[in-house]
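Novice: Have a look at this prediction, sequence included:
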Amino acid sequence: MSRSIDYGNLMHRAMRGLIQEVLEDVADNGLPGSHHFFITFDTTHSATEIADWLTDRYPSEMTVVLQHWYDNLIVTDEGFGITLNFGDSPERLYIPYDAILTFVDPSVEFGLRFETQDETSDDDPEPSHSQRDSKDDSGNDSAKDQSAPDADIVQLDKFRK
C-alpha cells in the first residue's frame, strides 16, 4: 500500500493551531483594537459543552461573537472555554477546536472554514455544514456564503466593508 501526504488534515491541524494561538493571546492581553471573532461550531460534537437551552435553540451549529463582553476565556490544547452573555444571561461554553466550522475576524477580513472533519472518530456525529445566514444572540449577522466553493479557506470578499 502506498503512503501519501494527507494535506487536508495537516492544513486543518495548522489552522486549529492558529486559532489556539490567537485565542491564547486574547486570553492574556484582551482583544486588540477593533478585532472581534465570529466562531461557528458544531453543537452536536461530543466534546462541545453548552447549556441545554442553547442546544435546543441551535441543534446542529451555532455562531458566537467574541467582541464587547466575554469573560473567563480559558484556552487549552483541545479547545477553549468562555463565558458569553445571552440576553443578559451569562452562559459558560466549551468549544473544542475539532467542532469549529468557521473562524472569522471581519475587522481584518480574515476567515477560515473547515469543510471536512476527517479527524472525528466513528463515535462522533457527522458535523452539520449547512450554509445559511444566521444571527447570533448579540444580533450580529454571521457572514456565510451559500455558494462558497469546497475549500479550506473562506472567500474574504463577503467580509469586505
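Specialist: Arrived safely.

Novice: drop to CA atoms for contacts and neighbour counts, all remaining ones
Specialist: Will do.

Novice: mind listing the strands in the protein by residue range?
Specialist: With strands called from DSSP state E, the chain shows them at 37-42, 61-66, 70-75, 79-85, 90-96, 100-105, 110-113, 134-135, 141-142.

Novice: Quick one: these as a markdown table, columns for distance to residue 17 and mean neighbour count too.
Specialist: Listed next are the strands of the chain as a markdown table, based on distance: least, C-alpha to C-alpha, whole Å; neighbours: other C-alpha atoms under 10 Å:
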| stretch | distance to residue 17 | mean neighbour count |
| --- | --- | --- |
| strand 37-42 | 15 | 23 |
| strand 61-66 | 18 | 21 |
| strand 70-75 | 11 | 17 |
| strand 79-85 | 10 | 19 |
| strand 90-96 | 12 | 18 |
| strand 100-105 | 12 | 22 |
| strand 110-113 | 12 | 19 |
| strand 134-135 | 26 | 14 |
| strand 141-142 | 23 | 18 |
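
Novice: Residue 43 and residue 32: what is the separation?
Specialist: Counting by C-alpha to C-alpha, to the nearest Å, the gap from residue 43 to residue 32 is 28 Å.

Novice: Show me the shaky parts of this protein.
Specialist: Across the chain, the ranges flagged by pLDDT under 70 are 1, 116-161.

Novice: Break down it into its helices, ranges please.
Specialist: With DSSP state H as the criterion, the chain has helices at 7-29, 52-57.

Novice: Which one of those helices lies nearest to residue 77?
Specialist: Checking the helices of the chain against residue 77 by C-alpha to C-alpha gives helix 7-29 as the closest, at 7.3 Å.

Novice: how about the strands of the chain, which one is nearest residue 24?
Specialist: Residue 24 lies closest to strand 70-75 among the strands of the chain, at 5.9 Å (C-alpha to C-alpha).

Novice: That closest one - contacts with which helices or strands?
Specialist: Helices and strands touching strand 70-75, by 3 or more C-alpha pairs under 8 Å, 6 or more residues apart in numbering; DSSP states H and E, are helix 7-29, strand 79-85.
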